[in-house]
Structures are given as C-alpha cells and as structure tokens.
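[1] task: produce atomic coordinates for the following.
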Amino acid sequence: MSDLQKEVSELERKSATAARLFDIRRIIGGLFVVYGVIVTVAGITASDADLDKAEGININLWTGLGMLALGAAFLTWLWLRPLPRDPQR
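    The predicted structure follows:
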C-alpha cells in the first residue's frame, strides 16, 4: 500500500470518528437532558407564589419533564441507529 493510500485511509478513519463524536443527535439530546434536569428541579422546588403566578400549573415541572423526554428520545435514536463505522463510497 502506498503512502498516499495509507494517509487517505487514516484521514477517513479520523473523519468517521469525528462524525460519530459530533453527531447532532448526541449534542441536542445531551443539552435537552441537562436543561431538562435543571428545569425539573426548579419545578419540584417551586414555591406557592410561583404556582400562583402560573394559575396553579407547575409549568417548570411539566416543561422539564418534556425536555427530559425529548432528550431521551434523541439519545435513544442515536443508540438505535448509530452512524456506520465505515464511510459509504
């Protein structure tokens, strides 16, 4: 194998690794999970005054749970349908 072919193979391997690492599903899912945890905790610890502002609905809790569900859906999608190891030519 020539040096050029080895270099191209190495670059393809690095590119595939970077694509898996920076898959948008991982980034979006991770951010939704992190923010979902923060908002859910804010909803759990909401005061009566906060609930009165929202007419008795704990909007932080419901929004946080929704964000957690969406983040889990993205991460599940990533787990069930990962990017292929070898790039298609």
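
[2] pull out the buried positions in stretch 38-47.
    Within stretch 38-47, the residues that count as buried by 16 or more other CB atoms under 10 Å are 39-40, 42-43, 46. The way it works is simple: take the backbone N, C-alpha and C, and place the C-beta from them, glycine included.

[3] any idea which of those the model trusts least?
    The lowest pLDDT within the buried residues of stretch 38-47 belongs to residue 46, which sits at 90.

[4] got the phi/psi numbers for it?
    phi -70, psi 140 (degrees, to the nearest 10).

[5] start the count at 45, not 1, going forward
    Got it, first residue is 45 now, which makes that one residue 90.

[6] check contacts around it.
    Neighbour list for residue 90: 102, 104-105 [criterion: CB atoms under 8 Å, 6 or more residues apart in numbering].

[7] which SSE is the residue most central in space within the chain in?
    What sits nearest the mean C-alpha location of the chain, by CA atoms, centre = their mean, is residue 73, with 1.5 Å. Using DSSP states H and E, residue 73 maps to helix 68-88.

[8] helix or strand next in line after that helix, which one?
    Next along from helix 68-88, by DSSP H and E: helix 92-97.

[9] check which helices and strands the helix or strand following that following helix sits against.
    With elements assigned by DSSP H and E, the helix or strand that comes after helix 92-97 is helix 103-124. Using 3 or more CB pairs under 8 Å, 6 or more residues apart in numbering; DSSP states H and E, the elements in contact with helix 103-124 are helix 68-88.

[10] buried ones in stretch 108-127?
    For stretch 108-127, burial by neighbour count (16+ other CB under 10 Å) applies to 108, 111-112, 115, 118-119, 122.

[11] okay, the residue lying closest to residue 76 once chain neighbours are set aside: pLDDT?
    Using CB to CB, 6 or more residues apart in numbering and skipping the chain neighbours, the partner closest in space to residue 76 is residue 115 (3.2 Å). For residue 115, the pLDDT comes out at 97.
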